[in-house]
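[1] Give me a 3D structure for the following:
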Amino acid sequence: MAVIENTLATNGAAYKANRDGMLALIARMRALEERARVASAAAKDRFHKRGQLLPRERVALVLDPGSPFLELSTLAGYMFDVPDAEKSVPGGGLIAGIGFVSGIRCMVSANDAGIDAGALQPFGLDKTLRVQEMALENKLPYVQLVESAGANLLRYRVEDFVRGGNIFRNLARLSAAGLPVVTVTHGSSTAGGAYQTGLSDYIVMVRGRTRAFLAGPPLLKAATGEIATEEELGGAEMHTSISGLGDYLAEDDRDALRIAREIMAKLEWDRPGTIQNNFRPPRYDAEELLGVMPMDHKRPVDMRQAIARFIDDSDFTEFSPGYGPATVCGHARIEGQAIGIITNNGPLDVPGANKATHFIQACCQSRTPLLYMNNTTGYMVGREYEEAGMIKHGSKMIQAVTSATVPQITIYCGASFGAGNYGMCGRGFHPRFCFSWPNARTAVMGGEQAAETMAIVTEAAAARRGKPVVKEQLEAMKAQIVGVFDGQMDVFSTSARVLDDGVIDPRDTRAVLSEVLAICREGDARNPQRMQFSVARP
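    As a prediction, the model looks like this:
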């Protein structure tokens, strides 16, 4: 046993400043999530008057009572619907997450029809494609609750139309992979969106509410002169008795969700088994994770103190601790589930990159999932490091990440700059799951470094031309660059662009990791081409 010794001074000023800063960021995140809920709930009277449930009420009823629900990408599209930070409503017009339906772990996706009639909001397409990708990779049945006005034509972009075809392609891929697609069409499913219903394995429609047609009555009349009501053209009764599109006719939303749960209950599908619970919790309070990370990414931090607060018994067997000490690697367990952890106490140097490469390969050999906790300003630069082969050894680490045969999970905990983002399995390297802590920063480099770099380049170019540099213009350029970088590197910008799968409270890290490790284990057990990994010690 190698218990991490506590060195966190929880009574110190630095800890308190870190804690206050983290709590403020968490409060901001929760306020934005609540704003989306309130915006959707504002339609409550209208929905209930016509006998419908609100989108979040639908999600709650389709899920098993009291079961965990890992909601994903709650900040998607923030500040892209409107540029006003006080009015922007995040979420992309979609509620999505992983939860249990009749005992089966599923990906659940619901159009948030309480906002703009369920029309996709900015980055709603990216969010949809991401959750479909996660369902495919983790072998999760896909339950979708459909009611959407489709694309917002006032924000039409041809690239969204073309890329949107991937939604339907993925539905076909899910079905082809043996993953049931169960759809409840609560309301409109029109034009191209009709295929969201049509490309499903089981389709539940609601009497008097479902509308599924390629062309609604106005377009139909304009195109062909034919006159038909919405019910005649694409109502639930027509589709379940004449066209055959619908498989089940429900009387209302509640009845439809009951039917969806019954469909899942009758499937021949392995339910998750019980995990041995003879593990010990961390020796240190998860509340203390609030004060571990400094708000300034340039300040040093010992990431072992973070690890100690979410792994079983704070027991961490560190790998090669004396070699490349700024890169921390080691084995641990989370609720009995084995995991290899790689994190950073500074930039990645040659020994650190070599150690990480070796550790990744060893974890693949033992079928141990990997967790990357990003906290690095990147790979070391300078003549000494270039001569030592930083590019060569950093490339080997990136190759090891790319070629890993076990599930890889990434959490942005602090800085994730430059190629360090790549070597630490950033989003571009397709980790199975990717989350951020509220204080995280992601960029090619820090804003000040970028500004200083461009200032040096500008001064050198002016010298070659024999022209003086106007100091005021140079300072204005530097300020602009800092503003551009700082405006895109925090989690409220990166998560809005769906560059992670959501921002999590550090205190929830253990619970989130326990869930995603179970999801990975179950998914790989259903995929004979993947190597399975163990849960408990023999």
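
[2] and residue 451, what is it in contact with?
    Neighbouring residues of residue 451 by Cβ atoms under 8 Å, 6 or more residues apart in numbering: 477, 478, 479, 481, 482, 485. Bear in mind the C-beta positions are built from the backbone N, C-alpha and C, glycine included.

[3] Got a ChimeraX select line for the buried ones in the residues you listed?
    For the buried members of the contacts of residue 451, the matching ChimeraX selection, counting by 16 or more other Cβ atoms under 10 Å, is:
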select :477,478,481,482,485
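
[4] So which of the contacts of residue 451 are in helices?
    477, 478, 479, 481, 482, 485 (DSSP state H).

[5] Redo those as a markdown table? Include distance to residue 86.
    As requested, the ones in helices among the contacts of residue 451 are exported to a markdown table (distance: Cβ to Cβ, whole Å):
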| residue | distance to residue 86 |
| --- | --- |
| 477 | 30 |
| 478 | 29 |
| 479 | 25 |
| 481 | 27 |
| 482 | 24 |
| 485 | 24 |
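
[6] Closest one of those to residue 186?
    Set against residue 186, the nearest of these by Cβ to Cβ is residue 485 (43.0 Å).

[7] Report the spatially closest residue to that closest one, excluding sequence-adjacent ones.
    In space, and not counting its chain neighbours, residue 485 is closest to residue 447: 3.3 Å by Cβ to Cβ, 6 or more residues apart in numbering.

[8] Verify the stated contact: the one you found with residue 480.
    No: contact criterion Cβ atoms under 8 Å: residue 447 and residue 480 do not qualify, at 10.2 Å.

[9] Neighbour count for the two, which is higher?
    residue 447 (20 against 12; other Cβ atoms under 10 Å).

[10] before we move on, the earlier item: for the contacts of residue 451, work out which two are farthest apart.
    Distance extremes for those: the farthest pair is 477 and 485 at 12.8 Å, using Cβ to Cβ.

[11] before we move on, the earlier item: tell me which of the ones in helices among the contacts of residue 451 is nearest to residue 240?
    residue 485 (54.9 Å).

[12] Just list the residues touching the closest one, thanks.
    When contacts are counted by Cβ under 8 Å, 6+ apart, residue 485 touches 443, 445, 446, 447, 450, 451.

[13] who touches stretch 507-523?
    68, 70, 98, 105, 137-140, 270, 272, 275, 282, 286-287, 289-290, 310-311, 334-335, 337, 339, 369, 371, 407, 409, 411, 432-433, 435, 504, 530, 532-533, 535.

[14] From those, which land in helices?
    Going by DSSP H, the helices hold residue 137 from those.

[15] Need the buried ones from the contacts of stretch 507-523 selected in ChimeraX.
    Filtering these down to the buried ones (16+ other Cβ under 10 Å) takes a single ChimeraX command:
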select :68,70,98,105,137,138,139,140,275,282,286,289,290,310,311,334,335,337,339,369,371,407,409,411,432,433,435,504,530,533,535
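
[16] pLDDT weak spots in the stretch 201-350 of the chain?
    Applying pLDDT under 70 to the stretch 201-350 of the chain flags the ranges 273-276.

[17] rerun that using 90 as the cut-off
    Across the stretch 201-350 of the chain, the ranges flagged by pLDDT under 90 are 214-223, 268, 270-278, 297-298.

[18] That one: strands as residue ranges?
    Under the criterion DSSP state E, counting those that start in this stretch, the stretch 201-350 of the chain contains strands at 202-206, 211-213, 248-250, 317-318, 327-334, 337-344.

[19] from those, which stretch is densest packed?
    Of all these, strand 202-206 has the most neighbours on average by mean count of other Cβ atoms under 10 Å, namely a mean of 27.

[20] Quick check: phi and psi at residue 187.
    Main-chain torsions, residue 187, degrees, to the nearest 10: phi -150, psi -130.
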